[in-house]
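1. everything below, folded, please.
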Amino acid sequence: MSAALDALAVDVGGLRLKHPVMGASGCVAFGRELKRLGIADDLAAIVTPSMTASTRPASRRGVLRESASGLLAPTERPSLGVDRLRPTALPWDDDAIGQVVVSIAGTTIGECAEVAQGLRRNSLMRRVAAVEMNLACPDAKNSGRPFSHDEFQATKAVARVREELPRSVPLLAKLSADVTDVADIARGCVKAGATAIVVGSPLRAIGRPFGPHQHIDVAAPSGGLSGPAILPVTLRAIWDLRAAVRSGRLAPVHLVAVGGVSSAADALAALAVGATAVQLGTALLHDPSSARSVVDGLSEHLSHNGIDSVLDLVGLAHEG
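-> Presented below is the predicted three-dimensional model:
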């Protein structure tokens, strides 16, 4: 590894990355499309689409709509069941893809644990560098309220999944940014065994009504807003979490920013408020080469400012 790449290397809760730029769940599939485009190596890791206990179709047709500086899309999507995985044909089993973080989800705590249990078998954990738990999913036993909006339920869900995974596998808890106090939710997740916190997820939203009957095709409760428009919300959540760590209210934990990051400047801002890594989502859908430009921009920033490591940038905004 070159000196330049050494300067970009990070550790996210036990997940070692060659640089701090990852591909977000649902935006890079299982990495094979990136390989066909010749850009699989641009990302330090990919996060797979969220997997459930059994394969699920979507209940309605998926529609994407552009919004001002953002993208409106259904958050309810078809999912591949862990029960369909075969050790000899894992969808991410390709040397060109790099680090793989498997996203898991469920509508009950028991289902989340069932997915983790299905992955636990060594033959299925091959090439799995970490697990990301999508806590933005609605909890069927809590009136459909997302796990990430309820400290008690989020804590229980993480604890159950942690029990099912090998202790050596990093567990990233993915939370929502649009809550009253994200540090409260994160504190429970860390106590339950999460090794890193990922923030956030698409903000609940609906599309603008259109046509003579004012029809909404990207509708609640399954619509979400992502893209540059939500970056300030992501930065605020990361800032709050870093501040909670500094005050002792939250145990030291690595943070990952996802939501609106689309340029090197955005990534630098996320690092400054406390993130150790970022995930690109909508940016990759808009321009698959954006990961390379973000990584190059980070490298140039270090070089031009005489900074030895990207880790020296983490939390700088709190020092002023």
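2. where exactly do the helices run in the stretch 201-320 of the chain?
-> In the stretch 201-320 of the chain, the helices defined using DSSP state H, counting those that start in this stretch lie at 231-247, 264-273, 282-286, 290-305.
3. run through who's touching the third one.
-> Which is helix 282-286. Here helix 282-286 makes contact (CB atoms under 8 Å, 6 or more residues apart in numbering) with 23-24, 27-28, 70-71, 226-228, 260-263, 290-291, 294. Where you see a C-beta, it was placed from the backbone N, CA and C, and this is true even at glycine.
4. rewinding a little: rank the helices of the stretch 201-320 of the chain by mean pLDDT and give me the bottom one.
-> Among these, helix 282-286 carries the lowest mean pLDDT, a mean of 91.
5. mind listing what's buried in that one?
-> Buried residues in helix 282-286, counted by 16 or more other CB atoms under 10 Å: 282-285.
6. want to throw those residues into CSV with distance to Lys141?
-> As requested, the buried residues of helix 282-286 are exported to CSV (distance: CB to CB, whole Å):
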residue, distance to Lys141
Thr282, 31
Ala283, 35
Leu284, 34
Leu285, 33
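7. between these, which is nearest Thr55?
-> Leu285 (23.6 Å; CB to CB).
8. so the closest one versus Leu250, what's the distance?
-> Plainly put, Leu285 is 32 Å away from Leu250 if you go by CB to CB, to the nearest Å.
9. same question for Leu135.
-> Distance from Leu135 to Leu250, by CB to CB: 16 Å.
10. how many other residues sit next to Gly188?
-> Counted with other CB atoms under 10 Å, the neighbours of Gly188 add up to 20.
11. now Glu66
-> Glu66, neighbours per other CB under 10 Å, totals 11.
12. could you do Thr195 as well?
-> 20.
13. in contact with it, which residues?
-> Thr195 neighbours (CB under 8 Å, 6+ apart): 13-15, 170-172, 253-254.
14. looking at those, which are in strands?
-> If you go by DSSP state E, those have 15, 171-172, 254 in strands.
15. and the furthest pair within those residues?
-> Checking the ones in strands among the contacts of Thr195 with CB to CB, the most distant pair is Leu171 and His254, at 11.7 Å.
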